[in-house]
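# Sequence unavailable; structure follows:
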């Protein structure tokens with residue numbers, strides 16, 4: 001373990017955000033679905049309009065690994081982890097990002113960046129209400145709901161028509 005006064009390498013990384021065209025809708029903000037009967041319907045692109053609140057664009061992150069040499073100036077025993085929490089620069093601290101060599105620190109930063117990129121990729125694959133369903137299933141669901149509501153609307157209209165006939169015919 002390290003002691004106060006030791007020179008060590010701290011792993012970290014910078015994150016730059018840039019906006020790119022949504023890979024799902026290609027910046028159109030909607031998707032066109034061709035149904036089995038060759039009819040076409042358009043639905044909002046949930047990825048860029050709902051998830052990122054930036055119609056037609058999604059954020060892409062570039063990560064830059066860094067290793068910085070510092071001198072430890074303190075530590076404390078963590079009640080949660082039972083291990084020493086390393087302090088450096090009077091208050092900045094970490095558990096697992098302090099290394100003997102610059103190469104170890106950069107290796108750690110690169111491994112963490114790869115984990116974050118995998119998480120970014122999962123997030124960019126979009127979160128529809130039911131992510132396991134295809135876009136066409138999503139459109140078919142909405143078309144089915146429209147048909148159901150139209151049937152219900154027709155049913156309720158016929159109930160009102162009966163009431164109108166009774167009023168017009170003199171029956172109450």
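Okay, I see it. In this text the structure is predicted, and so the values were computed from the model without any measurement.

# Only C-alpha atoms from now on, for both contacts and neighbour counts.
OK.

# what about the longest strand in this protein?
strand 57-77 (DSSP state E).

# Show me what it is packed up against.
For strand 57-77, the helices and strands in contact under the criterion 3 or more C-alpha pairs under 8 Å, 6 or more residues apart in numbering; DSSP states H and E are strand 7-21, strand 84-88, helix 102-124.

# I'd like the average pLDDT over it.
Within the predicted structure, the mean pLDDT of strand 57-77 is 84.

# what angle separates that strand from helix 102-124?
Strand 57-77 and helix 102-124 meet at an angle of 140 degrees, taking axes from the mean of the first three to the mean of the last three C-alpha atoms, to 10 degrees as the criterion.

# mind checking how far the helix of greatest length in the chain is from the chain centre?
With DSSP state H applied, the helix covering the greatest number of residues in the chain is identified as helix 135-168. Using C-alpha atoms, centre = their mean, to the nearest Å, we find the averaged C-alpha position of helix 135-168 to lie 36 Å away from the chain's own average C-alpha position.

# quick one: the residue most central in space within the chain from residue 137, how far?
Central residue of the chain (C-alpha atoms, centre = their mean): residue 123, 3.7 Å from the mean position. From residue 123 over to residue 137 the distance is 20 Å, taken as C-alpha to C-alpha, to the nearest Å.
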